[in-house]
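In: mind folding the following:
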Amino acid sequence: MISVSDLKRRIDHGELSPDAALAQSLEAIEIQEKAIGAFVHRAKAPRAAGAGPLRGIAVGIKDIIDTSDLPTEMGSSIYRGWQPRADASVVMMLKRAGATIVGKTTTTTFAALDPTATLNPRNHGHTPGGSSAGSAAAVAAGMIPLALGTQTAGSVIRPASFCGVAAIKPSYRLLPTVGVKCYSWTLDTVGLFAAGVEDLALALSAMTGRPDLASDPLAKPPRIGVVTQDFASSVEAASDAALRIAAAAAERAGATVRALKLADVVAEAWQIQPIIQDFEAHRALVWEYATHHDEIAPKLRSKMDETAGLSPSAHAEALEIGNRARAAFGDALSDVDVVLTYSAPGAATKGLASTGDPRFNRLWTLLGTPCVNVPADVADGGLPVGVQIVARFGEDAKALAAARFLEGALRI
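Out: Below you'll find the model as predicted:
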């Protein structure tokens with residue numbers, strides 16, 4: 001994979017020009033794209049910026065995020081050829097930091113259920129995950145060092161785990177969703193994919209203008225609470241092994257690791273997350289559902305047909321449970337710095353008919369907490385398995401620092 005931090009160091013020291021760094025990605029795309037299918041549109045003759053902390057860094061943008069010079073089709077025939085007039089806020093944040101947008105990456109229809117044609121670079125017979133399939137796969141295949149995705153349930157962390165890359169779902173609204181196709185305004189979160197945690201930290205810091213995200217080290221090894229999310233049903237052996245490996249590595253490196261019990265309301269929040277997601281999807285996609293019902297992809301159309309009767313009172317009650325769970329989770333972290341938990345139920349599922357299950361992600365998206373996927377193990381078939389570090393809302397710097405600690409511990 002191509003490292004943002006490595007490219008940045010070489011560019012800053014004059015060892016590599018931004019143009020040469022960009023050319024490296026463009027060449028890799030030419031070699032790999034035909035086999036992986038991570039892009040739906042590619043920029044014509046992209047050029048590197050001459051200034052900015054991300055100059056020379058090629059970025060892929062999930063195709064539900066508006067771009068002024070590339071179509072935004074959202075994985076749907078309804079928007080085929082649609083050309084926004086303006087860039088989404090996050091795209092402009094990247095451009096202002098000097099990054100070069102090289103293409104739009106594949107997304108499931110409206111970032112929902114129906115799989116894309118993208119293949120998992122680690123094993124073509126297994127799903128790359130969804131809905132940010134193209135972004136995760138493009139980074140994993142070594143085509144680009146950085147990509148944007150979005151998560152409403154598990155669409156950043158899960159594909160990162162399946163493809164073996166680092167990823168962050170930041171705190172809710174750390175990155176704006178202006179210009180991003182809405183599915184659920186309570187849940188939608190823009191995230192990043194990169195080769196390693198340091199790469200994520202540098203990119204997020206450059207985008208937001210917050211140096212603490214890249215430079216705040218841990219004063220001492222973290223206190224880690226392990227959460228197995230038993231309320232989310234059973235886990236496969238591959239993810240169980242990855243969590244045990246990560247916990248043992250962190251402990252050997254000096255961290256305090258112990259099991260952490262969460263309040264019952266947190267399990268309730270996990271249970272009601274789909275109510276919020278499905279209710280809001282009907283409002284966010286009301287025009288498409290009313291005027292292009294038969295053009296909506298089959299799995300999403302079926303889900304929307306099933307959930308059409310959700311009531312405003314059920315939505316309001318679910319939001320209240322979510323609010324109480326956020327407070328309870330903050331209280332639970334009084335004696336630990338971060339949580340360590342599963343990124344997915346197991347390794348990438350076989351076949352391309354499904355993008356996998358987000359049941360170990362959706363709680364954290366509802367709570368709005370920062371989550372960082374760290375690759376922890378490789379299962380049969382060369383399939384990566386990740387774990388995620390979760391911190392309190394707003395403590396993205398701590399989440400990234402703890403994830404870097406864990407990443408380093410896993411290398412020992």
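In: if you average pLDDT over the strand or helix carrying residue 388, what comes out?
Out: Per DSSP states H and E, residue 388 falls inside strand 383-390. Per-residue pLDDT over strand 383-390 has a mean of 98.
In: could you do stretch 355-369 as well?
Out: The pLDDT scores in stretch 355-369 average 98.
In: now do it: distance from first to last residue.
Out: Counting by Cα to Cα, to the nearest Å, you get 23 Å between the two ends of stretch 355-369.
In: same deal with stretch 108-118?
Out: 10 Å.
In: ok, and for it, which residues are buried?
Out: For stretch 108-118, burial by neighbour count (16 or more other Cβ atoms under 10 Å) applies to 108, 109, 110, 111, 112, 113, 114, 115, 116, 118. All C-beta spots, glycine's among them, are computed from the backbone N, C-alpha and C.
In: quick check, the last one in a helix?
Out: No: following the definition DSSP: H, G, I helix; E, B strand; the rest coil, residue 118 is coil and is not counted among the residues of a helix.
In: count the neighbours of the closest residue to it other than its chain neighbours for me.
Out: Counting by Cβ to Cβ, 6 or more residues apart in numbering, residue 118 lies nearest to residue 133, which is 4.3 Å off, once chain neighbours are set aside. Residues lying near residue 133 (other Cβ atoms under 10 Å) number 33.
In: test my guess that residue 133 contacts residue 114.
Out: No: the criterion here is Cβ atoms under 8 Å, and residue 133 misses it with residue 114 at 11.0 Å.
In: could you name every residue contacting both of those two?
Out: Common neighbours of residue 133 and residue 114, using Cβ atoms under 8 Å, 6 or more residues apart in numbering, are residue 108.
In: count the residues that sit near the nearest residue to residue 172 once chain neighbours are set aside.
Out: Sequence neighbours aside, residue 368 is the residue nearest to residue 172 in space, at 3.3 Å (criterion: Cβ to Cβ, 6+ apart). Look at residue 368: counted by other Cβ under 10 Å, it has 21 neighbours.
In: equivalent analysis for the one 10 residues further on, please.
Out: Number of residues near residue 378 (other Cβ under 10 Å) recorded here: 15.
In: repeat for residue 47
Out: By other Cβ under 10 Å, the residues close to residue 47 number 10.
In: so it sits against residue 100, correct?
Out: Yes: here residue 47 reaches residue 100: they are 6.8 Å apart, a contact under Cβ under 8 Å.
In: what's the overlap in contacts for these two?
Out: By Cβ under 8 Å, 6+ apart, the residues touching both residue 47 and residue 100 are residue 22.
In: residue boundaries of the strands in this protein?
Out: For the chain, the strands defined by DSSP state E occupy 39-42, 58-62, 100-105, 146-151, 166-169, 189-194, 223-226, 256-259, 338-342, 371-379, 383-390.
In: any chance of CSV for those strands, columns distance to residue 94?
Out: What follows is the strands of the chain, written out as CSV (distance: least, Cβ to Cβ, whole Å):
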stretch, distance to residue 94
strand 39-42, 16
strand 58-62, 6
strand 100-105, 7
strand 146-151, 8
strand 166-169, 15
strand 189-194, 10
strand 223-226, 32
strand 256-259, 36
strand 338-342, 27
strand 371-379, 19
strand 383-390, 24
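In: can you check which of those strands gets nearest to residue 23?
Out: Nearest of the strands of the chain to residue 23, taken as Cβ to Cβ: strand 58-62 at 9.3 Å.
In: if I look at residue 357, how far off is residue 239?
Out: According to Cβ to Cβ, to the nearest Å, residue 357 stands 11 Å off from residue 239.
In: joint contacts of the two?
Out: In terms of Cβ under 8 Å, 6+ apart, residue 357 and residue 239 are both contacted by the residues 344, 345.
In: mind listing the helices for the protein?
Out: 4-12, 18-36, 89-96, 133-140, 157-163, 197-208, 212-215, 237-252, 264-284, 286-291, 298-306, 312-332, 362-367, 396-411 (DSSP state H).
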